[in-house]
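**Student:** when you get a sec, could you give me coordinates for this:
(one chain, ligands or ions: 2)
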Amino acid sequence: MAAPHSFPDQPPSSGDIKRTLRREVRLRRERTASDAASLCEGIARLCGSLPSATVIGGIWPLPGEPDLRPAWTALHGAGHVVALPETTPRGEPLRFRRWDPRQPMLGGRFGTSHPDGPVLVPGLVFVPLLAFDDRCHRLGYGGGYYDRTLAALPGARAVGVGFEWQRVPRLPVEPFDVPLSAVLTEKRLIPGQGVGVEDLVSG
Ligand SMILES: Nc1nc2c(c(=O)[nH]1)N(C=O)[C@@H](CNc1ccc(C(=O)N[C@@H](CCC(=O)O)C(=O)O)cc1)CN2
Ligand SMILES: Nc1ncnc2c1ncn2[C@@H]1O[C@H](COP(=O)(O)OP(=O)(O)OP(=O)(O)O)[C@@H](O)[C@H]1O
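**Tutor:** Ligands and ions are numbered 1, 2, ... in the order given. Modelled structure (predicted):
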């Protein structure tokens, strides 16, 4: 890989900025005690009026991420269908599999875990993130998994989940970046451009 700052006159690329930001957020995350309960409440509120046939794509936590498992358990208990992503080989979209809390999780790529249930197509996908901005652009770990996944699910609504401290004024946007429909934080639901809150929960 080329040294990013070998020419002082050259501004950093979008990739350079994203890499620096990923490092900063991961460091800050280690020092920040975060309470996922309010995120779980927000998820419950958002999904409360969703038709039970809509498949909800959840997130199984990686170390350092908020633990949203209580939200998925509650949704499953209320009769919703929850599916969790299986991390596919690099370059492929994620595969969502039906989750049943009574079934064991299987270990997958990059330390992720997924259920063994049938593959489903989610209508509402919750999306993990390292950072987001007011236009609902998102920064992830850099695998491009969610960009590919959302590109392959054009009908699905995608809601990023993170804390207010993860908001940055403006993320660099590359051609393959897919903006989120909304971002849910511990304080509010931020709708994306041209998205109404009612659009997020309609069938
Ligand atoms: N909870 C959760 N599940 C998720 C994601 C996520 O961000 N959070 N993903 C979001 O896409 C996908 C998994 N993608 C991931 C891609 C890279 C790394 C990661 O930690 N990479 C290491 C380098 C590992 C290596 O290359 O060997 C790193 O960045 O240090 C983790 C998950 C699907 N499931
Ligand atoms: N739809 C796509 N088609 C082909 N390549 C893509 C697509 N989306 C992303 N990529 C590739 O994935 C790489 C990482 O993208 P990006 O930096 O946006 O990752 P990220 O959104 O932070 O990661 P993740 O979604 O895994 O958390 C990009 O450099 C790009 O080459």
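
**Student:** how close does residue 28 get to ligand 2?
**Tutor:** From residue 28 over to ligand 2 the distance is 17 Å, taken as CB to the nearest ligand atom, to the nearest Å. Backbone N, C-alpha and C define where each C-beta goes, glycine included.

**Student:** just the element for that residue, please.
**Tutor:** helix 14-31 (DSSP states H and E).

**Student:** that helix and ligand 1 in contact?
**Tutor:** No. On the criterion CB under 6 Å from any ligand atom, helix 14-31 is out of touch with ligand 1, staying 7.3 Å away.

**Student:** so which elements touch the helix or strand hosting residue 71?
**Tutor:** Using DSSP H and E, residue 71 falls within helix 69-77. Packing contacts for helix 69-77, counted by 3 or more CB pairs under 8 Å, 6 or more residues apart in numbering; DSSP states H and E, involve helix 37-48, strand 81-86.

**Student:** distance from the chain centre to that helix, please.
**Tutor:** Relative to the chain's own centre, helix 69-77 is displaced by 17 Å; criterion: CA atoms, centre = their mean, to the nearest Å.

**Student:** below-threshold pLDDT in the chain: ranges please.
**Tutor:** 1-8, 203 (pLDDT under 70).

**Student:** what residues does it have near ligand 1?
**Tutor:** So the chain meets ligand 1 at 59-62, 65, 85, 87, 94, 110, 112, 128, 140-141, 143, 145-146 (CB under 6 Å from any ligand atom).
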